[in-house]
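Enquirer: Sequence first, predicted coordinates after that:
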Amino acid sequence: MTSVHELIRAAAEREAAARAPRGRPAGRSHRRPIALRATGASSCDSGLVNDPWAIDRAPGYGPGASVADAIPGDAPRQGPLPARYTDASEEQLHDWIVAAKAELGQRVQILGHFYQRDEIVQHADFVGDSFMLAQAAKQHPEAEAFVFCGVHFMAETADILSGPEQAVILPNLAAGCSMADMATIDQVEACWRELTTSLGPTEDGLQPVIPVTYMNSSAAIKAFCGRNGGIVCTSSNARTVLEWAFERGQRVVFFPDQHLGRNTAKAMGIAEDRMPLWRPHLPLGGNTEEQLRDARVILWNGFCSVHKRFTVAQIEQARADYPGVKVIVHPECPAAVVEAADGAGSTEYIRKEIEAAEPGAVIAVGTEINLVNRLQQQRPDLTIFCLDPVVCPCSTMYRIHPAYLAWTLESLVAGETPNRIAVSEEVAGDSRIALERMLAARP
Ligand code: SF4
């Protein structure tokens, strides 16, 4: 059987080939590729910039979170940082990070998510989306530890795909993801029991329902999908994954982001009235058995607090202010926003659109502000702006303050391994099944 690692390598090679402009070899572009490194621009909003350790002690996701975000009672909590770090200046923290990183050398790799603040990204050995970072972890078997500057579910995925002796560390345990937390394993298993009871066996050889989970979900839910004939998707391959699922099942239940599920299914021609929403606190998710039997995609009632803030009114305003503006948005945005935009796609799609833009173009982007700022800094010949002028950064990603990174690295220098994210082998094994199916799925 092909291993997950061989599948990852094959997927990376396919991706590199797909990225190459037609008629040119992979890796040689006619434009300087956008590397998405740190720019020096500040990303702080006034509610987040001061005393980040105070919001870590309060229950909730902090400034910028949606009022609908409810933090689970069992979410990991970060203990207090020593005063050496909380009292330090930005310059001291920077110097301590640089010194500790130099001492640790290749033993420790720092991974930084695209949405991470610049003060952290400038120290990262690799910058990418959650799956790219997990792949990067796999590609460094010599590293003893990965300091994952993202959120909890991403560190879990890196732990699943990295070697058993390698430690994955989340510098601040309070860096969760409000979307991933909207689907707990207990809720998903209860949903599954109701669905399989209501839908019963089929006569056409297909499963009544296939579970599909977005990468932005806990390891427990990825493992659930692995155990139950399901699969994982990213925002880049959601359509391919849904096609895979429809070859095997009559319908799909999609966790946890309703918007990615709805936007992908709509692009495949599925009518919205065949996409009921599953509200986990209601019997049958708030639906009738008839609605569930008629469904093609059952959408979990989850969303990203960052991307759901974008609106059609913002797009209309951008078009009024900048006639000819091109509007591109992430598929975690609501369907009406995706329809009103000129294009929608993953972070990689957004990066490539901007890389390919002609000098002088004006582009409005509906995604996280740190990424938009970085894109603008790296293509100063374009006018690039965020659709929402007051958009907050991802407030949980933002919790990786330089003080946490300095504390983590200095702990590693001292021979300690703080905040290790370790997925049990049982959960990791089932998760790998769902990830392998994703990597093997073909358009
Ligand atoms: S941007 Fe949204 S989906 Fe991504 S980590 Fe933040 S809350 Fe989660």
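Expert: Nice, thanks for sending it over. The structure presented is a predicted model; accordingly, all values stated were derived computationally and were not measured. Numbering: from 1, shown residues only.

Enquirer: For G128, give the beta-bridge partners.
Expert: On the basis of DSSP bridges, G128 is bridged to H113.

Enquirer: Could you list the domains of the protein?
Expert: Domains of the chain are assigned by automatic domain parsing as 4-178+395-428, 181-304, 307-386.

Enquirer: for those domains, which one sits closest to A441?
Expert: domain 181-304 (4.2 Å; C-beta to C-beta). In short, each C-beta sits where N, CA and C put it, glycine included.

Enquirer: measure the closest one end to end?
Expert: One end of domain 181-304 to the other measures 10 Å (C-alpha to C-alpha, to the nearest Å).

Enquirer: Relative to the whole chain's centre, how far out is that domain?
Expert: Distance of domain 181-304 from the chain centroid (C-alpha atoms, centre = their mean, to the nearest Å) equals 18 Å.

Enquirer: could you give the mean pLDDT of it?
Expert: Mean per-residue pLDDT for domain 181-304: 96.

Enquirer: looking at this, L299 is in a helix?
Expert: No - counting by DSSP: H, G, I helix; E, B strand; the rest coil, L299 is not found in a helix; it is strand.

Enquirer: give the contact list for it.
Expert: Neighbouring residues of L299 by C-beta atoms under 8 Å, 6 or more residues apart in numbering: F254, Q258, G261, R262, M275, P276, L277, W278.

Enquirer: what's the neighbour count on the closest residue to the ligand within the stretch 201-350 of the chain?
Expert: Here the stretch 201-350 of the chain gets closest to the ligand at one residue, C304, 3.4 Å apart by C-beta to the nearest ligand atom. C304 has 25 neighbours, counted by other C-beta atoms under 10 Å.

Enquirer: three-state assignment of it?
Expert: coil.

Enquirer: which parts of the stretch 251-400 of the chain sit against the ligand?
Expert: C304, S305, V306, E368, C394, T396, M397 (C-beta under 6 Å from any ligand atom).

Enquirer: Verify the stated contact: the fifth one with E368.
Expert: Yes - using C-beta atoms under 8 Å, C394 and E368 qualify as a contacting pair, with a distance of 5.5 Å.

Enquirer: Please say which of those two ends up with more neighbours.
Expert: Comparing C394 with E368 by neighbour count (other C-beta under 10 Å), the higher total belongs to C394, at 29 against 26.

Enquirer: Sort out for me which of the contacts of L299 are in strands.
Expert: For these, the ones inside strands are F254, L277, W278, with DSSP state E as the criterion.

Enquirer: between the residues you listed, which has the most around it?
Expert: Busiest of the ones in strands among the contacts of L299 [other C-beta under 10 Å] is F254, holding 29 neighbours.

Enquirer: so who does it touch?
Expert: V212, T213, Y214, L260, G261, V297, I298, L299, W300.

Enquirer: Kindly recompute the last result at 10 Å.
Expert: Shown in contact with F254 (C-beta atoms under 10 Å, 6 or more residues apart in numbering): 210-214, 233, 238, 241-242, 245, 260-262, 264-265, 275, 278, 297-300, 302.
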